[in-house]
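**Q** Got a sequence here, can you model it:
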Amino acid sequence: MADTEFWKQLDAHNDENAVRISIASGHYGPDTVGVAQEWLRRKEDARSDAAATRAEAREEESLSISRRALRNSERATRIAISAIVLSISMATLEIIKWYSK
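**A** Numbers count the residues shown, from 1 in each chain. Predicted coordinates:
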């Protein structure tokens, strides 16, 4: 059986556990066991790549949320400083009024 045909059979069944069991039980011959192992390795690599892509997306989202939080905290700090300046100004005005009496 040609490697490409065997590869297509593996893809058609797409059952990694069954392939692992077949390899372990010696079901595949010497000409196909290597192909089956490579097929399993590629499946595992694909899962790893997908997991890495998801992790990268989560990290990017987390970074985006952190940047948004930083902008919001900077805005809140500016508002708080403005409120303090206004309070000091109003207190100063009241002190001046009080001494003007």
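
**Q** how close does residue 48 sit to residue 41?
**A** Taking C-beta to C-beta, to the nearest Å as the measure, residue 48 falls 10 Å from residue 41. To be clear about C-beta, it is placed using only N, CA and C from the backbone, and glycine gets the same treatment.

**Q** where do the strands sit along this protein?
**A** Under the criterion DSSP state E, the chain carries no strands.

**Q** Tell me where it has helices.
**A** Under the criterion DSSP state H, the chain contains helices at 3-13, 16-24, 30-100.

**Q** Please produce CSV containing those helices, extended by mean pLDDT and mean neighbour count.
**A** Below are the helices of the chain laid out as CSV (pLDDT from 0 to 100; neighbours: other C-beta atoms under 10 Å):
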stretch, mean pLDDT, mean neighbour count
helix 3-13, 85, 13
helix 16-24, 91, 13
helix 30-100, 95, 11
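
**Q** distance of the residue positioned nearest the centre of the chain from residue 51?
**A** The residue lying closest to the centre of the chain (C-alpha atoms, centre = their mean) is residue 58, at 2.2 Å. Plainly put, residue 58 is 11 Å away from residue 51 if you go by C-beta to C-beta.

**Q** now residue 71
**A** Taking C-beta to C-beta, one finds residue 71 at 31 Å from residue 51.

**Q** Likewise for residue 68?
**A** Residue 68 sits at a distance of 26 Å from residue 51 (criterion: C-beta to C-beta).

**Q** And for residue 94?
**A** 63 Å.

**Q** Same check on residue 26?
**A** In terms of C-beta to C-beta, residue 26 sits 31 Å off from residue 51.

**Q** How about residue 57?
**A** Separation of residue 57 from residue 51 (C-beta to C-beta) stands at 11 Å.

**Q** what does residue 96 give?
**A** 67 Å.

**Q** And residue 3, by the same measure?
**A** According to C-beta to C-beta, residue 3 and residue 51 sit 28 Å apart.

**Q** swap in residue 93?
**A** Taken as C-beta to C-beta, the span from residue 93 to residue 51 is 63 Å.

**Q** need the contact list for the closest residue to residue 13 other than its chain neighbours.
**A** Counting by C-beta to C-beta, 6 or more residues apart in numbering, residue 19 is the residue found nearest to residue 13 once chain neighbours are left out, at 7.9 Å. Residues in contact with residue 19 (C-beta atoms under 8 Å, 6 or more residues apart in numbering) are 10, 13, 36, 39-40.
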